[in-house]
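Sequence and predicted structure below; questions after.
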Amino acid sequence: MTVLVITGTGTEVGKTVVTAAVAATALAAGRSVAVLKAAQTGVGPGEAGDAQEVARLAGDAVTTGELARYPEPLAPATAARRAGLAPVHPEAVAETAAKLATEHDLVLVEGAGGLLVRFDAAGGTLADVAGLLQAPVLVVATAGLGTLNTTELTARELGARGIDLAGVVIGSWPADPDLACRCNLADLPDVAGAPLLGAVPAGAGALDPAAFRAAAPGWLAPRLDGTWDAEAFRARQAS
């Protein structure tokens, strides 16, 4: 796996923190890592965006890139249109990621919102980027009620396009999970047709970066270079 595309089942699901955890874990395993933010919205000039937040948490060894930035917190296509700025196209994202892949062991391409959020007026999406790269997609999902529907819809779209779903990571696992959260540990891989590859604790992004880097491998499964075990985690949460 040289390029991994990371999407969410929606906005505010913990996608950037999961991206940082994947980057930190890969770095700890001795791999060189680049993070590419396809389109950053809701951030002004000079402000730190998602790629910079990943580097803050995972470490300066991460190479960061950002193809487009728009000031309003909207879908990239809408934000570009309203700002009178050029949109980003899937082909440009894929080309940049492919170049980074020649120089790094792992390239993480982080989208904006969900899989089908539009980048341009032609309807280009992160799914198109993954298809062009023939890269697997990691889906970041919420823990609680409602997550099964959005996760299955995302998985079905990837399947219809012939794109590999690498697995699902829960982006914000609560300290006191309710019944729905605990049941979803078994149901999420079932509806996704792909393994559960981790659970990042709620508030992880507020940790001191050194503490974040030390803890990150314990949040992610071996496929992502970590030590997290889904069955053991389910057993602990059930007790």
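Received, thanks.

Past the helix or strand in which residue 95 is found, which element shows up next along the chain?
Assessed by DSSP states H and E, residue 95 sits inside helix 90-101. Next along the chain after helix 90-101, taking DSSP H and E as the criterion, comes strand 106-114.

Going by contacts, tell me the helices and strands next to that next one.
Applying 3 or more CB pairs under 8 Å, 6 or more residues apart in numbering; DSSP states H and E, we find strand 106-114 packed against strand 3-8, helix 15-28, strand 33-37, helix 50-58, helix 90-101, helix 126-133. (Each C-beta comes from the backbone N, C-alpha and C, glycine too.)

returning to that earlier point: avg pLDDT for the helix holding residue 95?
Across helix 90-101, pLDDT averages out at 97.

all numbers from here: first residue = 777
Sounds good: first residue 777 from here, last item helix 866-877.

In this structure, where is pLDDT below threshold?
Low-confidence segments of the chain, defined by pLDDT under 70: 777.

Give the full set of residues in contact with the residue nearest the centre of it.
Taking CA atoms, centre = their mean, the centroid of the chain lies closest to residue 782, which sits 3.3 Å from it. Remark: with contacts taken as CB atoms under 8 Å, 6 or more residues apart in numbering, residue 782 is in contact with 791, 794, 795, 798, 884, 885, 886, 887, 913, 914, 916.

Kindly recompute the last result at 6 Å.
Contact analysis of residue 782 by CB atoms under 6 Å, 6 or more residues apart in numbering lists 795, 884, 886, 914.

Quick check: beta-bridge partners of it?
Legend: beta-bridge partners of residue 782 under DSSP bridges are residue 886, residue 914.

any idea how far residue 859 is from it?
As judged by CB to CB, to the nearest Å, residue 782 and residue 859 stand 25 Å apart.

How about residue 917?
In terms of CB to CB, residue 917 sits 30 Å off from residue 859.

Looking at these two, which one has more neighbours?
Neighbour count, other CB atoms under 10 Å: between residue 917 and residue 859, residue 917 has more, with 30 against 15.

So what does the more buried one have for phi and psi?
Main-chain torsions, residue 917, degrees, to the nearest 10: phi -120, psi 160.

Who are the contact partners of it?
Per CB under 6 Å, 6+ apart, neighbours of residue 917: 785, 923, 927, 944, 946.

Of those - the most surrounded one?
Busiest of the contacts of residue 917 [other CB under 10 Å] is residue 946, holding 30 neighbours.
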